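K.L.:
Return a 3D structure for these sequence lines:
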Amino acid sequence: MKQINLFYISVLLACVLLWAVLIKPQETNSFSIYGFAESDETEVNYNYPVVIEKILVTAGQRVDSAQVLMHLTRRKAKETLEDQSFRISELRAKENIWRQKLNNDIAELELSKQTKLTEIQTRIDLIKKEIAFKQSLASDLETITNTPSIFKPLEDDILKLHEEKKNSQQTIDLKISGLRKELAIGNKPIEEQISHLNAEKLFDASQEVQEINVYAPSAGLVGTISCKEQEHVPSYSTLLSFYEPHSSIITGFVHEDITVNVALGDVFQVSSLKNEELIYEGVVTGLGSRIVEIPTRLRKFATVKSYGREINISISPNNSFLQKEKVSLSYIDKSKT
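P.N.:
Take a look at the predicted model:
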């Protein structure tokens, strides 16, 4: 019976303790939570398809700033160069068609001018013949006196035809001149496209095989290497990940039942759970905008789901925390500070 009573007493005490920790709101102005050193991960990639020639580092290796991590080559596909040549030929064909059309238009206008002028001249010659014929008839008749006024209408028609001939020639010559100027200037849009493609083709040919070195952005640790030597890697694919040696950001979660209002600029004491001598002070630089589930690793009781607000605490980068190390966060009472 005594054993049974002790069991029930132990269960009761455990329930009271659980209630005190998880359910009862904390009314103190100080509290402790768990957090972890947030890794500042950088993904290294390249904005063109590349070939991995040589990998000079291994995962987890410490490297210095600007140290060469790997050698790459960028190889321009032959299909690209062939496509540029095809496009240039296509544009030249369009330009030739355009030139041929202008030449045809000029030839048609020349023929039209010749036809028009010949037609008018024929009408002038007919009128002149008519005047000459009437003058010859009048000269044979002694009773009819030739006066200029008799042939005035016909002479006026000749003057009109000469004016029409002149105007027609000027109009057609003006059109021909415009077409010839256009032909001399050339088709600028097509010529600019051809010039651009030629320059692009020359550049691509010079860059057909381009050697590239990948450098460490700063001193830190090599993370996951996502490629292997002699592999063809598409553009923007991750080559490797890179970490700073020590994170300056600590991430934690303030339980939703804690009544202390944590604000930007508040101070936390950050302590290592493995080494009691590692203690730093940090300032809250980020606050989550919603309540989320606290990760299992940061719960007071791993098996009990709990919810809270994420906070980011900035500490000196000259710290000794390991990447992703679990730490203790103690809120420093504002009244004490």
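K.L.:
wait, is Glu43 part of a strand?
P.N.:
Yes - under DSSP: H, G, I helix; E, B strand; the rest coil, Glu43 sits within a strand.
K.L.:
Pull the contacting residues for it.
P.N.:
238, 240-242 (C-beta atoms under 8 Å, 6 or more residues apart in numbering). In short, each C-beta sits where N, CA and C put it, glycine included.
K.L.:
and with 10 Å instead?
P.N.:
Residues near Glu43 by C-beta atoms under 10 Å, 6 or more residues apart in numbering: 223-224, 226, 236-242.
K.L.:
Check the secondary structure at Tyr34 for me.
P.N.:
strand.
K.L.:
Quick check: it touching Leu329?
P.N.:
Yes - under the criterion of C-beta atoms under 10 Å, Tyr34 makes contact with Leu329 at 6.9 Å.
K.L.:
The two: which has the busier surroundings?
P.N.:
Leu329 (23 against 17; other C-beta atoms under 10 Å).
K.L.:
What does the pLDDT read for Ala20?
P.N.:
Listed pLDDT for Ala20 reads 58.
K.L.:
do Ser335 as well
P.N.:
54.
K.L.:
Gly223 now?
P.N.:
87.
K.L.:
Buried subset of the contacts of Glu43, written for PyMOL?
P.N.:
Those of these that count as buried under 16 or more other C-beta atoms under 10 Å are selected in PyMOL with:
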select buried, resi 223+239+240+241+242
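K.L.:
what's the burial count for Gln121?
P.N.:
13.
K.L.:
isn't it right up against Gln169?
P.N.:
No - between Gln121 and Gln169 there is no contact under C-beta under 10 Å: 11.0 Å.
K.L.:
Chain neighbours aside, what residue packs nearest to Ile190?
P.N.:
Glu95 (4.8 Å; C-beta to C-beta, 6 or more residues apart in numbering).
K.L.:
ok, back up a step: pull the most distant pair out of the contacts of Glu43.
P.N.:
Gly223 and Tyr236 (17.8 Å; C-beta to C-beta).
K.L.:
Can you pull out the low-pLDDT segments for the stretch 151-300 of the chain?
P.N.:
Along the stretch 151-300 of the chain, segments meeting pLDDT under 70 span 203-208.
K.L.:
just the helices in it please.
P.N.:
Along the stretch 151-300 of the chain, counting by DSSP state H, counting those that start in this stretch, helices occupy 152-185, 188-206.
K.L.:
ok, now which ones touch Tyr236?
P.N.:
Tyr236 neighbours (C-beta under 10 Å, 6+ apart): 43, 45-49.
K.L.:
Would you mind measuring from it to Asn45?
P.N.:
Plainly put, Tyr236 is 5 Å away from Asn45 if you go by C-beta to C-beta, to the nearest Å.
K.L.:
Output stretch 274-288 as CSV, restricted to C-alpha atoms.
P.N.:
Taking C-alpha atoms only, stretch 274-288 is exported to CSV below (Å, rounded to 0.1, in the frame of the first residue of the first chain):
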residue,chain,number,x,y,z
LYS,A,274,28.3,22.7,-22.6
ASN,A,275,30.8,25.2,-21.3
GLU,A,276,29.6,27.4,-18.4
GLU,A,277,32.4,29.8,-19.1
LEU,A,278,31.0,30.8,-22.5
ILE,A,279,28.6,33.7,-21.6
TYR,A,280,27.7,36.6,-23.9
GLU,A,281,25.3,39.4,-23.9
GLY,A,282,23.0,40.0,-26.9
VAL,A,283,20.4,42.5,-28.1
VAL,A,284,17.1,41.6,-29.7
THR,A,285,17.2,42.6,-33.3
GLY,A,286,14.2,40.7,-34.7
LEU,A,287,10.8,39.7,-33.6
GLY,A,288,8.4,37.2,-35.3
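K.L.:
which stretches of the protein form strands?
P.N.:
All strands of the chain, identified by DSSP state E, fall at 32-38, 41-44, 50-55, 62-63, 68-75, 209-215, 220-225, 232-233, 240-243, 249-255, 267-272, 279-293, 307-314, 326-331.
K.L.:
In terms of pLDDT, where does Gln323 sit?
P.N.:
80.
K.L.:
list the contacts for it?
P.N.:
36-41, 220-221, 223, 243-247.
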